[in-house]
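Engineer: This is the structure alone, sequence omitted:
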């Protein structure tokens, strides 16, 4: 690999030097190879890591502490791919334990998982996150029907199979990063397309003040 | 409506009095009816507004400034439903103008919109948001294929029609709030179901360390 100085790393990643130094201090970016008392050089792996951080911060709009947790999982070689993706999702679905979901909402989530025959860990954080979402919508008199949940689940099943399928068989060196990118960074892409579809549908139906 | 004191409002909304007073100062919650120099009472509309704020902050994990913008749109009676939803989505899809998307990614987004025959404003912020998402994934050597975009679009079309359809015909008083809730608060529900589907699929396929 051709070594890069900090200035080139900054230019190619599109990030200011001060930002890169911050990520170095935080341990989110591995140190470069020292070439003197105050200088170091970097390589493509550093550039790649910076692009990943930038995408998680800017495109996925994650908080820095979530990015840190996700990167730690990517770097932990003792984890399986499934565990890395799980760690990333767990972080994103983490909810405030001080206000638990209602038992009714939890029962509806359990019923959905059974209907779909999904193999889901009993302590999967998605269960509680979904239950809390259902509670929030109910508290606003806009309960989510089981029909809509089933429609979401029916739509997401094939999409998840396709997304996960694209990761299997990749070179191990980048497989974990790919898995995280493919799950976390595709979320805003999917949501944006949903917003586009909403704009299209509502342009025709809600254009008049009701 | 039966009036409530601040203490009851706090208890029924599950929010501390200090938090409610903060929302009052910020203008996110309309003032109550003054019943003396330092006391006021509140009604169900206040409780409802607090539940909406709480859901946007806790469940949708929005930043306070985004919540403020969305509430301002809900309260603006000069806007059509379509405009209110548009304002909410615009805020969520807003991207940093200092690093524009590539012309190649923009062209791919335009092509998607044409393929789907979507009526989308030429200045819709979703176009730029999606193009930036495509750029980010490309910069990580994980380009999103047109096939996957089409699959997302095919899945989101019927879902958007159903979601928007549930809003049409509602009582005008709550129609705008319903539209915002139905678009913004259903996003985390949909994403959580996608994460569940991922956990299920990857449990079977990625469980071994590659």
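Structural biologist: Thanks, I have the structure now. For clarity, every value in this text was computed on a predicted model and none was experimentally measured.
Engineer: Would you check how far apart residue A:13 and chain B are?
Structural biologist: From residue A:13 across to chain B, the span is 9 Å (CB to the nearest CB, to the nearest Å). Where C-beta positions appear, they are placed from N, C-alpha and C, glycine not excepted.
Engineer: Apologies, that question was intended for residue A:43.
Structural biologist: 16 Å.
Engineer: My understanding was that that residue contacts residue A:5; is that so?
Structural biologist: No: contact criterion CB atoms under 8 Å: residue A:43 and residue A:5 do not qualify, at 11.2 Å.
Engineer: Looking at the closest residue to residue A:124 other than its chain neighbours now. What's its pLDDT?
Structural biologist: When the adjacent residues along the chain are set aside, residue A:124 lies closest to residue B:199, with 6.1 Å between them (CB to CB, 6 or more residues apart in numbering or on different chains). As predicted, residue B:199 sits at a pLDDT of 83.
Engineer: tell me the pLDDT at the residue nearest to residue A:64 when sequence neighbours are not counted?
Structural biologist: Among residues not flanking residue A:64 along the chain, residue A:57 sits closest, at 7.2 Å (CB to CB, 6+ apart). Listed pLDDT for residue A:57 reads 84.
Engineer: The one 4 residues further on too?
Structural biologist: Reading off the per-residue confidence, residue A:61 sits at a pLDDT of 78.
Engineer: That one in helix, strand or coil?
Structural biologist: What DSSP: H, G, I helix; E, B strand; the rest coil gives for residue A:61 is coil.
Engineer: Over to the one 5 residues further on?
Structural biologist: In the three-state summary, residue A:66 is assigned as helix, counting by three-state DSSP.
Engineer: unless I'm mixing things up, the residue nearest to residue A:124 is touching residue A:123, no?
Structural biologist: No: when contacts are counted by CB under 8 Å, residue B:199 is not listed as touching residue A:123 (11.5 Å).
Engineer: and residue A:203, how many residues sit next to it?
Structural biologist: Number of residues near residue A:203 (other CB atoms under 10 Å in any protein chain shown) recorded here: 16.
Engineer: Now do the phi/psi pair for the closest residue in space to it that isn't next to it in sequence.
Structural biologist: Leaving aside its chain neighbours, residue A:203 sits nearest to residue B:119 (4.9 Å; criterion: CB to CB, 6+ apart). Backbone torsions for residue B:119, taken as degrees, to the nearest 10, come to phi -80, psi 100.
Engineer: So which residue is smack in the middle of chain A?
Structural biologist: residue A:184 (2.5 Å; CA atoms, centre = their mean).
Engineer: Look at it and report its pLDDT.
Structural biologist: Looking at residue A:184, its pLDDT is 82.
Engineer: again, but for residue A:89
Structural biologist: 78.
Engineer: Kindly report the same for residue A:166.
Structural biologist: Predicted confidence (pLDDT) for residue A:166: 65.
Engineer: Any figure for the gap between the nearest residue in space to residue A:94 that is not next to it in sequence and residue B:192?
Structural biologist: Nearest residue to residue A:94, sequence neighbours excluded (CB to CB, 6+ apart): residue A:125, at 5.8 Å. Using CB to CB, to the nearest Å, we find residue A:125 at a distance of 9 Å from residue B:192.
Engineer: just residue A:122 next, same as before
Structural biologist: 16 Å.
Engineer: quick one, which of those two is more surrounded?
Structural biologist: Using other CB under 10 Å as the criterion, residue A:122 and residue B:192 rank with residue B:192 on top: 27 against 7.
Engineer: In this model residue A:128 seems to touch that one, though I could be wrong.
Structural biologist: No: the criterion here is CB under 8 Å, and residue B:192 misses it with residue A:128 at 9.6 Å.
Engineer: Mutual contacts of those two, please.
Structural biologist: The contact sets of residue B:192 and residue A:128 overlap at residue A:93 (CB atoms under 8 Å, 6 or more residues apart in numbering or on different chains).
Engineer: Where do the helices of chain A begin and end?
Structural biologist: A:6-13, A:17-25, A:44-54, A:64-75, A:81-93, A:103-116, A:125-139, A:146-165, A:172-180, A:186-205 (DSSP state H).
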